[in-house]
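Engineer: Just the structure for this:
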Amino acid sequence: MKSITTIASLILLSVVLLAQRPAVSPLTFERLRNATAEPQNWLMYWGNYQGTHYSSLKQIDKTNVDQVQTRWMVTLGMQASLQATPLVVDGVMYTSGVPGTIYALDAATGTQIWKYERTAKARNPNGSNPFNRGVAVFGNRVYAGTLDAALIALDRTTGLPLWETQVADTMLGYSITQSPLVLKDKIIVGVAGGEFGIRGFVDAYDLETGKRIWRFNTIPGPGEFGNDTWKGDSWMRGGGSTWLTGTYDADLDVLYRPVGNPGPDIDGSVRLGDNLFSCSVVALDPATGQRKWHYQFTPGDTHDWDSTEDMVLVDRLFNGQQRKLLLHADRNGFFYVLDRTNGKFLSATAFVKQTWNSGFDENGRPKVVDGSKASPEGSIPVYPSLLGGTNFQSPSYDPATGWLILEYQEAGQQYFVTPQEYTPGSQYQGGRQARIQGDTNTAGIRALNGETGKIEWDTRITRGSLNNGLIATGGGMVFASTSDGNLLILDSKTGTLLRTIKLSNAMASAPMSYAVNGKQFIGVMAGPTLYSLSLP
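Structural biologist: Residues are numbered from 1 along each chain as shown. Model prediction:
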């Protein structure tokens with residue numbers, strides 16, 4: 001047992017070290033809004049509000065890529081595969097490790113500045129997806145969600161807790177796995193748990209107090225727009241989780257939130273209808289949470305095709321006209337282009353093999369192939385599989401080419417309905433899947449033309465890409481993580497594989513890039529370890 005003198009000495013030492021640390025510059029909304037002007041930093045989950053997940057840093061290029069090596073590495077727990085994307089603000093890296101832990105590290109050396117640990121107040125025995133995908137930073141605070149569905153705020157300098165707000169009841173299946181998003185005076189957060197028959201929502205909280213400001217129900221109740229798209233009271237168990245970070249247009253002042261699958265996942269017979277706003281993007285007024293418009297990618301889905309993938313915002317030519325676009329590669333196998341000012345459907349192109357849709361009407365509603373819906377006797381062979389043509393792994397929009405680069409997989413399944421009674425807090429899927437005899441899974445990285453959807457190049461990888469992501473950079477590089485633990489480096493214009501770096505046996509996150517004192521780094525989680533790579 002330490003003496004009082006020893007404890008006092010340790011406290012004094014901590015105070016001295018804090019005093020010697022450089023003063024923290026508050027991270028303002030204007031800096032977040034203009035994040036692309038600070039390529040040395042990685043200020044939010046997607047890198048910027050537009051969701052491009054791109055870095056203009058160009059120190060690493062084809063002339064020196066063979067020299068890239070691990071600069072430092074830090075193990076953040078025993079969990080097999082972490083999914084967080086670290087943030088870097090003015091030379092300090094902020095990241096989550098295993099759920100309940102948050103770190104501040106020196107971004108140049110990996111030296112720990114502080115560590116926060118929190119024990120969950122409740123644990124759902126039926127819980128799944130025990131991951132955290134990162135934090136948000138604003139002002140002098142760090143914000144994060146927890147597996148027991150709380151939102152917390154920490155002091156950015158010390159890691160000490162400032163406030164905690166309970167967002168939902170984890171015993172009903174709710175959790176928070178995403179990196180929250182800061183907008184002006186609010187912190188925006190959504191919930192996971194669509195496979196538990198929850199009723200999804202998006203919340204906004206006061207940055208200073210943690211008090212809830214508004215809630216948008218992604219599954220509308222009686223009197224709310226879209227409730228008539230649910231049979232009977234099925235909306236009460238409608239899913240529609242919001243488990244990945246949205247994007248934001250600061251000029252239009254519009255928040256774009258992706259929404260997950262309906263509940264139960266497979267059995268559509270108990271929730272007949274389009275099931276709004278599942279498998280959709282919803283454009284919200286960030287001041288009030290009111291819906292401006294929505295577009296549904298897969299009405300009445302019976303394949304667990306969450307639409308929680310990245311909603312990328314770009315301003316570019318489209319069919320000869322300058323437009324404000326939303327680009328989205330969906331789990332259902334189609335690459336969509338929408339007008340983000342009003343939600344108008346502009347185009348959709350299959351980027352992987354798909355057999356469920358024969359085309360679109362003028363409003364962008366899919367023409368569903370007979371027999372492709374789940375049924376007791378089984379659907380026809382349906383592509384993509386439940387895992388999707390792509391998933392939550394980060395794509396990257398390269399402004400140099402105008403291409404969206406992503407990891408994909410091609411596989412098919414049959415979908416069977418198995419009726420299931422809803423039990424609060426337990427998984428509520430109402431079905432199962434079966435592999436197609438003789439089917440061969442393929443996976444790889446593709447570049448999609450942002451205007452036409454055409455596949456500009458395709459590079460195959462050896463294993464599936466359910467949980468992996470990539471980043472394109474100003475040096476003409478693409479850094480991509482893979483599920484077999486390799487970091488791939490490709491030419492962004494041709495897809496040519498330039499180098500493979502073995503890091504781990506499991507990677508489930510996306511690389512990011514930052515710079516300290518003029519040196520470019522690539523940061524990525526591999527297994528339980530955070531790696532930072534650079535030139536010698």
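
Engineer: Could you look up the SS state of residue 236?
Structural biologist: helix (DSSP: H, G, I helix; E, B strand; the rest coil).

Engineer: how far away is it from residue 81?
Structural biologist: 34 Å (C-beta to C-beta, to the nearest Å). C-beta: built from backbone N, CA, C; applies to glycine.

Engineer: Ok, residue 304 next?
Structural biologist: Residue 304 is 21 Å from residue 81, where distance means C-beta to C-beta.

Engineer: Just want to know which of these two has more residues nearby.
Structural biologist: residue 304 (26 against 19; other C-beta atoms under 10 Å).

Engineer: Please give me every residue in contact with that one.
Structural biologist: 195, 261, 265-266, 386, 429 (C-beta atoms under 8 Å, 6 or more residues apart in numbering).

Engineer: which of those sit farthest apart?
Structural biologist: Farthest apart among these by C-beta to C-beta are 195 and 386. That separation is 11.1 Å.

Engineer: Of the two, which one has the most company?
Structural biologist: residue 195 (23 against 19).

Engineer: Am I right that that one is in contact with residue 265?
Structural biologist: Yes: checked against C-beta atoms under 8 Å, the pair residue 195 and residue 265 is within contact range at 5.9 Å.

Engineer: From residue 91, how far out is residue 27?
Structural biologist: Taken as C-beta to C-beta, the span from residue 27 to residue 91 is 13 Å.

Engineer: So for those two, which residue has more residues nearby?
Structural biologist: Using other C-beta under 10 Å, the more surrounded residue of residue 27 and residue 91 is residue 27, with 23 against 15.

Engineer: Can you pull the phi/psi pair for that one?
Structural biologist: Main-chain dihedrals, residue 27, degrees, to the nearest 10: phi -90, psi 110.

Engineer: these two touch, right, it and residue 142?
Structural biologist: No: contact criterion C-beta under 8 Å: residue 27 and residue 142 do not qualify, at 10.0 Å.

Engineer: does the residue lying closest to residue 209 once chain neighbours are set aside belong to a helix or a strand, and which?
Structural biologist: In this structure, residue 209 finds its nearest non-sequential neighbour in residue 163, 6.6 Å apart by C-beta to C-beta, 6 or more residues apart in numbering. For residue 163, the host element (DSSP states H and E) is strand 161-166.

Engineer: Pull up the pairing partners for that strand, direction included.
Structural biologist: strand 150-155 (antiparallel) (DSSP bridges).

Engineer: Quick check: neighbours shared by residue 195 and residue 265?
Structural biologist: With C-beta under 8 Å, 6+ apart as the test, residue 195 and residue 265 both reach 239, 304, 428-429.

Engineer: So which of the residues you listed wins on neighbours?
Structural biologist: residue 239 (31 neighbours).

Engineer: The residue lying closest to that residue once chain neighbours are set aside: neighbouring residues, count only.
Structural biologist: Excluding the flanking residues, the one nearest residue 239 by C-beta to C-beta, 6+ apart is residue 263, at 3.1 Å. For residue 263, the count of nearby residues is 35 (other C-beta under 10 Å).

Engineer: Could you double-check that residue 263 lies in contact with residue 194?
Structural biologist: Yes: using C-beta under 8 Å, residue 263 is in contact with residue 194, at 6.0 Å.

Engineer: shared neighbours, the two?
Structural biologist: Shared contacts of residue 263 and residue 194, counting by C-beta under 8 Å, 6+ apart, come down to 239-240.

Engineer: Quick one: low-confidence residue ranges for the stretch 351-500 of the chain.
Structural biologist: 463-467 (pLDDT under 70).

Engineer: Apply 90 and report the result again.
Structural biologist: 437-441, 461-468, 483-484 (pLDDT under 90).

Engineer: now swap in the chain and tell me
Structural biologist: 1-26, 77-81, 127-130, 437-441, 461-468, 483-484, 504-506.

Engineer: got the residue ranges for the helices in it?
Structural biologist: 4-20, 29-33 (DSSP state H).

Engineer: For residue 347, which non-adjacent residue is closest in space?
Structural biologist: residue 337 is the one closest to residue 347 (C-beta to C-beta, 6+ apart), at 4.7 Å.

Engineer: go on, residue 28?
Structural biologist: Closest residue to residue 28 apart from its sequence neighbours, by C-beta to C-beta, 6+ apart: residue 139 at 7.5 Å.

Engineer: can you check residue 489 too?
Structural biologist: residue 499 (4.4 Å).

Engineer: Identify the residues contacting the one you found.
Structural biologist: When contacts are counted by C-beta under 8 Å, 6+ apart, residue 499 touches 65-66, 68, 488-489.
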